[in-house]
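Chemist: Sequence and computational prediction follow.
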Amino acid sequence: MIGNNRHLLDLDTTSAEDIRRILDTAEGMKEISTRKIKKVPTLRGKTVVNLFFEPSTRTRTSFEIAAKRLSADAVNFTASASSTAKGETLLDTAKNLDSMAPDVVVIRHRFSGAPEILARNLDCSVVNAGDGCHQHPTQGLLDLFTVRERKGRLDGLKVSIIGDIAHSRVARSDISGFTTMGAEVFVSGPSTMIPTGIERLGVRVADSFEHALEGADVIIMLRIQLERRSGSLIPTLREYARFFGLNRERLRLARPDALVMHPGPINRGVEISSDIADGPESVILDQVENGVAVRMAVLYLLTGGSDETTD
Amino acid sequence: MKRLIKGGRILDPASGRDEILDLLIEDGRIARLEKDMKDRDGGDVFDASGLAVMPGFIDMHCHLREPGYEYKETVATGCAAAVKGGITSLMCMANTDPVNDCASVTTHILERAHEAGLAKVYPVGCLTKGMRGESLSEMGELAASGCIAVSDDGRPVPSGEIMRRAIAYAGIYGLLVIDHAEDLTIAGDGVMHEGYVSTMLGLEGIPASAAFSEVARNIALIKEFGGRIHIAHVSTAMVVGLVRRAKAEGLAVTAETCPHYFTLDHEAVIGYDTNAKVKPPLRTAEDVEAIIEGLADGAIDVIATDHAPHHADEKQVEFDLAAFGISGLETAFALTMGLVHGGRIPILQAVSKWTDAPAAVTGIRGGSLGVGEPADVVIADLDAQWRVNPEEFLSRGRNSPFAGMEVRGQVTATFVDGRLVYTREKGITGK
Ligand SMILES: [Zn+2]
């Protein structure tokens, strides 16, 4: 359990206290990953099913490693290998899974809200590993973890999220997570990519990209995808890179100790220039590493652990 | 055959009556309304004391699904649900399979309705052949076989020229053109109202402009070329404004809204409730307010259900994949009474939106308790409190966002042509 929640579906409804508990637990988990034998028996006998309806080697691998480091059995159930192609509904899949009695189902799905369907119909815990344009809570948590680790706090930081906010589940989880933890969140990007009513989620829409960067403590660059809406949002990647790409010159507007983050995979030379991605401000690889620790913490807490790790 | 309905509160908007009177039905027609009538000649007596007695409701926007989608609804199950909801006449939309664009489909629907013997069914034919939006349907044949209106409801007519010609051509046969107003170039693949809720949920939005754009186009056509049009399921403040202005200019434009548009807003979708997925989508609280104002000041003439039953399998899926629509026949009256109990609309005006107003728009006989009118009568307990339980619906469609809601106002009996077809205690009481 995370607070009163059996599931982790989004960060909208996750309290500051619960987020803090997850991040604190993740610190202990990160230590495990630095040992010679990166494995503890904590979740021995527990089963974690990775149910991925959308290919994502990175996130799936991260969950798989997290489960294995805690000695849980991790089973991968990918859409192509499953029967969903044969007209089985998500509800059928849920019922089938339930009869296998897993402890946690981790779901990635192309449609927003799909994890809710599992949560309503399964007896086990459900972790959302990204649903449509909705949320990707463990990504949000690992971003929070990475920033807290570097900055020592989250409260009062200026966090700017840049890119296709409208179609980004990472943006929504970051918005929920950072605002809940007291950061001041700005979003920016081409106005075609700023969704209606986003202010109601507690963020400010920056007047310009430059304004979003000014004095920022944290800059989160989102991956840009041209294939979305085939050109009705931005004309070309070239134009996007020129006006919304993060380069050295623009980065000077941010605080000198600003962190640059990206959920990956990056498009070098589009949303972020190579020298920034590989530069001292970049914590992109830390994010990947912390992803495992945060997911270990989530699996651990949901399967009944308290916030102290035992070995 | 005589039947005396005794002691009820007569609510008849056509005559402006709101008083306790006895109502005598003779040979399927309203014969007399009087105080303290004697029950002579051994006719049936129905005790309506403490209850409202109203003209049977006319629902000018339903989907009965037959032929082709009998697993969602049939003419018979839809008609049963209708009379349970106090609806004695209904118009069924043409998006069946095959679509209703020829006499054989229209005749099939009318035969089914006759067999069911409950509500009176008035089919709506396609506006374009095959509902493909390309060429005019055979409106003359449709009218001759029993259609009283044409519409491509569910599939808006993308071509302005086709719409222009259809309005003109339908006029020849006295067919009402019903417009499902939605500009698909704006609505795109949206699945709910575009606003902060769609943003929060990560769902594709349908901007309010989608409805505005198409209604504005069609009103412009009427203004330039004449003819008349009825705007289906108005859901936005912007369209209420358009219709109000068109009426002020004296244009032949009428409009309907549905109970869900004055009861719920887009927040009903939070939690990905697919039963709140409907087209047009549930809009904002400000839109809800504007709809109620439009009903009160007459910009919106009619309330209709847009009853759109679906099978559970079509709703128990991801929100993006779920079918659009609400099963509305059995909740419509109570939700309308919600406006009355909330002090937003006087009772006679609310009843009018279901009776003489749709009768005037559609030409359907009824909607009034005037002497000589068909004895389509609904008896209701205006204050009865009940909880919506879709499992108890007579409709096959259990898709209701109102499940579990506490409502006030319930139909207790329904007469069609003087025959008692439904009572709250016994259910359907035969044809
Ligand atoms: Zn429609």
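Modeler: Received, thanks.

Chemist: how about the strands in the stretch 1-150 of chain A?
Modeler: According to DSSP state E, counting those that start in this stretch, the stretch 1-150 of chain A carries its strands in the segments A:47-52, A:73-78, A:104-109, A:125-131.

Chemist: for the stretch 201-311 of chain A, that is, sorry about that
Modeler: Under DSSP E, counting those that start in this stretch, the stretch 201-311 of chain A gives strands at A:204-205, A:218-221, A:259-261.

Chemist: number of nearby residues for the closest residue in space to B:Leu321 that isn't next to it in sequence?
Modeler: Sequence neighbours aside, A:Phe111 is the residue nearest to B:Leu321 in space, at 6.9 Å (criterion: C-beta to C-beta, 6 or more residues apart in numbering or on different chains). Quick note: C-beta positions are derived from backbone N, CA and C, even for glycine. A total of 24 residues lie near A:Phe111 under the criterion other C-beta atoms under 10 Å in any protein chain shown.

Chemist: just A:Thr34 next, same as before
Modeler: 9.

Chemist: and it, what pLDDT?
Modeler: A:Thr34 is assigned 87 on the pLDDT scale.

Chemist: Throw the strands of the stretch 1-150 of chain A into a markdown table and include distance to the ion, thanks.
Modeler: Formatted as a markdown table, the strands of the stretch 1-150 of chain A follow (distance: least, C-beta to the ion, whole Å):
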| stretch | distance to the ion |
| --- | --- |
| strand A:47-52 | 36 |
| strand A:73-78 | 39 |
| strand A:104-109 | 29 |
| strand A:125-131 | 29 |
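
Chemist: looking at those, which has the lowest confidence?
Modeler: strand A:73-78 (a mean of 87).

Chemist: how about that strand: buried residues?
Modeler: A:74-75, A:77-78 (16 or more other C-beta atoms under 10 Å in any protein chain shown).

Chemist: Run through the helices of the stretch 51-200 of chain B in chain order.
Modeler: B:75-84, B:103-116, B:139-145, B:160-172, B:184-187, B:196-201 (DSSP state H, counting those that start in this stretch).

Chemist: helices or strands next to the fourth one in the packing?
Modeler: Judged by 3 or more C-beta pairs under 8 Å, 6 or more residues apart in numbering or on different chains; DSSP states H and E, the packing partners of helix B:160-172 are helix B:139-145, strand B:176-179, helix B:209-225.

Chemist: quick one, the biggest helix by length in chain A and strand A:73-78 angle?
Modeler: The longest helix of chain A (DSSP state H) is helix A:284-302. Computed with axes from the mean of the first three to the mean of the last three C-alpha atoms, to 10 degrees, the direction of helix A:284-302 lies at 110 degrees from that of strand A:73-78.

Chemist: Check which helices and strands helix A:284-302 is in contact with.
Modeler: Taking 3+ C-beta pairs under 8 Å, 6+ apart as the contact cut, helix A:284-302 packs with helix A:16-32, helix A:57-69, strand A:125-131, helix A:137-151, strand A:259-261.

Chemist: And these: which comes nearest chain B?
Modeler: strand A:125-131 (7.4 Å; C-beta to the nearest C-beta).

Chemist: Show the pLDDT at A:Asp311.
Modeler: 43.

Chemist: Likewise for B:Leu142?
Modeler: We have a pLDDT of 98 for B:Leu142.

Chemist: residue ranges with poor pLDDT in chain A?
Modeler: Chain A contains residues with pLDDT under 70 at A:79-86, A:226-230, A:305-311.

Chemist: With the flanking residues excluded, which residue is spatially nearest to the residue of chain A found nearest chain B?
Modeler: Ranked by C-beta to the nearest C-beta, the top residue of chain A for proximity to chain B is A:Gly197, at 2.9 Å. Excluding the flanking residues, the one nearest A:Gly197 by C-beta to C-beta, 6+ apart is B:Tyr196, at 2.9 Å.

Chemist: could you check the distance from the one you found over to A:Val203?
Modeler: 11 Å (C-beta to C-beta, to the nearest Å).

Chemist: With B:Asp306 instead?
Modeler: Taken as C-beta to C-beta, the span from B:Asp306 to A:Val203 is 36 Å.

Chemist: who touches B:Leu118 in this structure?
Modeler: By C-beta atoms under 8 Å, 6 or more residues apart in numbering or on different chains, B:Leu118 lies in contact with B:76, B:79-80, B:82-83, B:416, B:421-422, B:428, B:431.

Chemist: For chain B, which residues are neighbours of the ion?
Modeler: Residues of chain B found near the ion (C-beta under 5 Å from the ion) are B:153, B:180.

Chemist: per-domain residue ranges of chain B.
Modeler: Per automatic domain parsing, the domain ranges recorded for chain B read B:2-53+B:374-428, B:57-362.

Chemist: Can I get those in a markdown table including distance to A:Thr25?
Modeler: Formatted as a markdown table, those follow (distance: least, C-beta to C-beta, whole Å):
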| stretch | distance to A:Thr25 |
| --- | --- |
| domain B:2-53+B:374-428 | 37 |
| domain B:57-362 | 27 |
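
Chemist: quick revisit: so which of the helices and strands packed on helix B:160-172 is nearest B:Ser368?
Modeler: strand B:176-179 (19.1 Å; C-beta to C-beta).

Chemist: So what are the sheet partners of the closest one and their directions?
Modeler: Strand pairing for strand B:176-179, determined by DSSP bridges: strand B:149-150 (parallel), strand B:229-231 (parallel).

Chemist: taking those strands together, which one is wrapped up most tightly?
Modeler: strand B:149-150 (a mean of 28; mean count of other C-beta atoms under 10 Å in any protein chain shown).

Chemist: Please list the outside residues in contact with that strand.
Modeler: Applying C-beta under 8 Å, 6+ apart, the contact partners of strand B:149-150 are B:60, B:91, B:94, B:122, B:124-127, B:137, B:139, B:142, B:166, B:170, B:175-178, B:230, B:362.

Chemist: again, 7 Å this time
Modeler: For strand B:149-150, contacts defined as C-beta atoms under 7 Å, 6 or more residues apart in numbering or on different chains pick out B:91, B:124-127, B:137, B:139, B:142, B:170, B:175-178, B:362.

Chemist: And stretch A:13-33, by the same measure?
Modeler: Applying C-beta under 7 Å, 6+ apart, the set of residues contacting stretch A:13-33 is A:2-3, A:38, A:40, A:69, A:141, A:144-145, A:148, A:177, A:180-181, A:290, A:292-294, A:296-298, A:300-301, A:307, A:309.

Chemist: Which positions within it qualify as buried?
Modeler: Result for stretch A:13-33 [16+ other C-beta under 10 Å]: buried residues A:14, A:18-23, A:25-30, A:32-33.
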